[in-house]
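Student: Turn this into a model:
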Amino acid sequence: MKLKAYSHNNPLKHSVLHTIKRYLWLPFVILALYMTVFVATELVMDESIGGMYDYFFDFHNEKVWGYFPLFLIAISLFSAYVMFSFLFKKKSSSMMLLTGISRTELFVSRYVFGLSSTLIPALISFFIMLVLGADNVESSLTFNKDMLMILFMFVLLIVFAYTISATAMTLCGRKLEFLAVFAVFTVGGLAILLFVGVLFNTFVHGFAYPIRTNIANFRFSDMFDKYCWVSPYGIFKDAFNVYSVSGVGNETSLDVYSDRLVWFSVITGLLIPLSAWLFKRRNAEYDEKSN
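Tutor: Reported below is the predicted structural model:
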């Protein structure tokens, strides 16, 4: 950081300008990733899902819609790591606090820029995909309740994953610890579900999801479909696939996700101030050490 630039600005303004200047590349990299994985495949692929004109969309890459939640979580993890990686280095962490900025201001400036760098490119790519899908059936982009709900899911997944990543980095002193804590938050529920299912199949007679007999009313994987809400990845598991084939007269609706949207938004809203509070109270001894 240049002393001349710091002397002309207050600590918060200098931190914001320094963050923007140093990480201006981040939104462009994330935009390039989204465009490559989703938009480019839509333009390159030739086969469509049917080309029926009673659909709002006709996507050539309809199969990749199921990977949207996973990709959103992965990109949010990457963005949060870039913005808060200084916490893993004692020298960098101490240097940030020596600028005179409060911990709350430091967290907010980094959090907002990183989240914006993730959210804006994602929304740009998502709308481009919707326009391309509508153009495939010679239609214009349709704004309806389902579209608002899918956009809400889209934003919530990014905000939640980004906040969880920032919280995990605040609680941890090493990179491997951070990845482990993030994995617990995102897929820990599915791991517990798998453990309980295997345990019950082994010791509980008549369990509804047997894997040790040829006669079964349910498949073992049905358990994960029924309780997919225990993981952020699975909470809106089929919503993107359902929306990608929605059309006029289609009885399938996203209303079934209304309750999940409400609860997930409440949990995400509570996590943001919690993450800021944990960052404010973070001990310097955490740097480069296992907690």
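Student: Met129 is in contact with Phe38, isn't it?
Tutor: Yes - counting by CB atoms under 8 Å, Met129 touches Phe38, with 5.7 Å between them. C-betas here are computed from N, CA, C, even on glycine.
Student: Could I get the full set of helices for the stretch 1-150 of the chain?
Tutor: With DSSP state H, counting those that start in this stretch as the criterion, the stretch 1-150 of the chain has helices at 3-7, 11-22, 25-34, 40-44, 68-84, 90-97, 103-135, 145-171.
Student: Take those and write them to CSV, including mean pLDDT.
Tutor: Putting the helices of the stretch 1-150 of the chain into CSV (pLDDT from 0 to 100) gives the following:
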stretch, mean pLDDT
helix 3-7, 48
helix 11-22, 81
helix 25-34, 93
helix 40-44, 83
helix 68-84, 91
helix 90-97, 72
helix 103-135, 90
helix 145-171, 91
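Student: Figure out which of those is closest to Phe200.
Tutor: When the helices of the stretch 1-150 of the chain are compared by CB to CB, helix 68-84 sits nearest Phe200, at 27.2 Å.
Student: For the closest one, output the C-alpha coordinates as PDB.
Tutor: Extracted as PDB, the C-alpha positions of helix 68-84 are listed here (Å, rounded to 0.1, in the frame of the first residue of the first chain):
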ATOM      1  CA  PHE A  68     -26.000 -25.000 -11.600                       C
ATOM      2  CA  PRO A  69     -26.200 -25.300  -7.800                       C
ATOM      3  CA  LEU A  70     -22.900 -27.200  -7.700                       C
ATOM      4  CA  PHE A  71     -21.200 -24.600  -9.900                       C
ATOM      5  CA  LEU A  72     -22.600 -21.700  -8.000                       C
ATOM      6  CA  ILE A  73     -21.300 -23.100  -4.700                       C
ATOM      7  CA  ALA A  74     -17.800 -23.800  -6.200                       C
ATOM      8  CA  ILE A  75     -17.500 -20.300  -7.700                       C
ATOM      9  CA  SER A  76     -18.600 -18.700  -4.400                       C
ATOM     10  CA  LEU A  77     -16.000 -20.700  -2.600                       C
ATOM     11  CA  PHE A  78     -13.300 -19.500  -5.000                       C
ATOM     12  CA  SER A  79     -14.300 -15.900  -4.700                       C
ATOM     13  CA  ALA A  80     -14.500 -15.900  -0.900                       C
ATOM     14  CA  TYR A  81     -11.100 -17.600  -0.700                       C
ATOM     15  CA  VAL A  82      -9.500 -14.900  -2.900                       C
ATOM     16  CA  MET A  83     -11.000 -12.100  -0.800                       C
ATOM     17  CA  PHE A  84     -10.200 -13.500   2.600                       C
END
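Student: Cheers, nothing more for now.
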